[in-house]
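Asker: Show me how the following folds:
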Amino acid sequence: MFLLPKGNPLFENLAATKLKLPEVMTKLSSGAFTGYASFVFQSSTTILVFEAGKLVSVLLEEQNGGRQTGFEALSALAELMVTSNSGAMNVFKLSKDLTMCIHALLQGEILYKAQELKLIDIKTLLEKIKDDQMNGCLRIYTEDRSAMIFYKDGNPLGFFHDGSHDIETSSTESQKIAGMPGAKIDLFSTQGVEELMGIDLLEVANIQKIWETSVARHQLDTDKIQKERAERDKKSISLKLSDLEDQLRGIVIEYVGKVGRGIVDKEISSLGGNACIIDDAGSTKLLNAIERAAKLLISGTNTKLLIEKLTALITAAKSEL
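Answerer: The predicted structure is shown next:
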């Protein structure tokens, strides 16, 4: 995404994930705002251009170079605001003329794209911009430097380059970049302010519906993830309980012989299943029942050792589950 002039900052670094898109749109449109709002996320940046409260342009650009505009961009923005863990919104007020130029840069007609400057008669090009009374933006750049010249009716409004925060009147930086090896240009043109003011995406896009759809979709995804996690947890606990039951049964058999299997199975069944092993009240009842049965079969000392071993096993299992 191009570095854009900040103009007069109204809001900076607001947490985008705590905002609601319909409320943002209402605030900007009802206030006859002119300028742009940027939503910066880890994977993409969205620019919304306003002219006197009308949304005239929306562009979402991804880090990998992918682009979306209009309704698709608004839907993607709503999705990001709902689902992202972080993101920032910035709002900058600009003049009507500069806002028109920003629109040209983002979504205007591309007259030249990545054209090597050494192959262009720049003097003739500048004369054509003036003669055609062009509205738009001329971008001059190298791999690590960039400058832009904004035009209204063929006349330069000002200059902007990477590192500055606002429009400048001096062309010095632009001339320096133009003289660098490998310099290229992009030229974008757009309609005048009057034509742009006739456009309002808010009249054709139902922002509330877009937002509600994104929120509902996110809730469905969240519910699905939670359900799948609960099912995985339930299955995992079931497997651990089954293994715990086998260990418990093995210890009882070790002390009282094969009859221990029947004792364990009977008592667990009477308590409603192996979930009783990790239930405080259930495990107490289970241990008491096993202890009563063991006293009939082995000495008091061995019964004590058996219960201690079972208690240690169950205590360790509770801490893990």
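Asker: Any idea what Arg139 is bridged to?
Answerer: For Arg139, the beta-bridge partners are Met148, Asp186 (DSSP bridges).
Asker: Might you report the residue contacts of it?
Answerer: By Cβ atoms under 8 Å, 6 or more residues apart in numbering, the residues touching Arg139 are Phe2, Leu105, Ser146, Ala147, Met148, Ile185, Asp186, Leu187, Phe188. Backbone N, C-alpha and C define where each C-beta goes, glycine included.
Asker: nearest to Glu203, of these?
Answerer: Leu105 (23.7 Å; Cβ to Cβ).
Asker: Is that closest one part of a helix or strand, or is it coil?
Answerer: Look at Leu105: counting by DSSP: H, G, I helix; E, B strand; the rest coil, its state is helix.
Asker: related to what we said a few turns ago, which one of the contacts of Arg139 is nearest to Val256?
Answerer: Looking across these and measuring by Cβ to Cβ, the closest to Val256 is Phe2, at 80.0 Å.
Asker: so what's that closest one scoring on pLDDT?
Answerer: As predicted, Phe2 sits at a pLDDT of 65.
Asker: Weed out the non-buried ones from the contacts of Arg139.
Answerer: Phe2, Leu105, Ser146, Ala147, Met148, Ile185, Asp186, Leu187, Phe188 (16 or more other Cβ atoms under 10 Å).
Asker: so the fourth one sits right up against Pro156, yeah?
Answerer: No. Under the criterion of Cβ atoms under 8 Å, Ala147 lies out of contact with Pro156, with a separation of 12.0 Å.
Asker: can I see the domain layout of this structure?
Answerer: Following automatic domain parsing, one gets these domains for the chain: 8-205, 232-320.
Asker: helix, strand or coil for the nearest residue to Thr83 once chain neighbours are set aside?
Answerer: Computed as Cβ to Cβ, 6 or more residues apart in numbering, the closest residue to Thr83 that is not its neighbour in sequence is His218, at 5.5 Å. Per three-state DSSP, the local secondary structure of His218 is helix.
Asker: His218: neighbour count?
Answerer: Using other Cβ atoms under 10 Å, His218 is surrounded by 15 other residues.
Asker: OK, contacts around it?
Answerer: In this structure, His218 makes contact with Glu79, Val82, Thr83, judged by Cβ under 8 Å, 6+ apart.
Asker: Next one: the last one from Gln175, what distance?
Answerer: Okay, so that is Thr83. 45 Å (Cβ to Cβ, to the nearest Å).
Asker: more neighbours, those two?
Answerer: Legend: neighbour count by other Cβ under 10 Å for Thr83 and Gln175, higher for Thr83 (15 against 12).
Asker: For the more buried one, give its distance to Ile225.
Answerer: For Thr83, the distance to Ile225 equals 12 Å [Cβ to Cβ].
Asker: next one: Phe11
Answerer: According to Cβ to Cβ, Phe11 and Ile225 sit 33 Å apart.
Asker: out of the two, which sits in the busier spot?
Answerer: Per other Cβ under 10 Å, whichever of Phe11 and Ile225 has more neighbours is Phe11, with 13 against 10.
Asker: What helix or strand is Lys318 located in?
Answerer: Following DSSP states H and E, one finds Lys318 within helix 300-320.
Asker: Check which residues of that helix are buried.
Answerer: For helix 300-320, burial by neighbour count (16+ other Cβ under 10 Å) applies to Thr303, Leu306, Ile307, Leu310, Leu313, Ile314, Ala317.
Asker: excluding its backbone neighbours, what's nearest the last one?
Answerer: Going back to what we said before, that points to Ala317. Going by Cβ to Cβ, 6+ apart, Ala317 has Leu244 as its nearest residue, at 5.1 Å.
Asker: That concludes my questions; thank you for your assistance.
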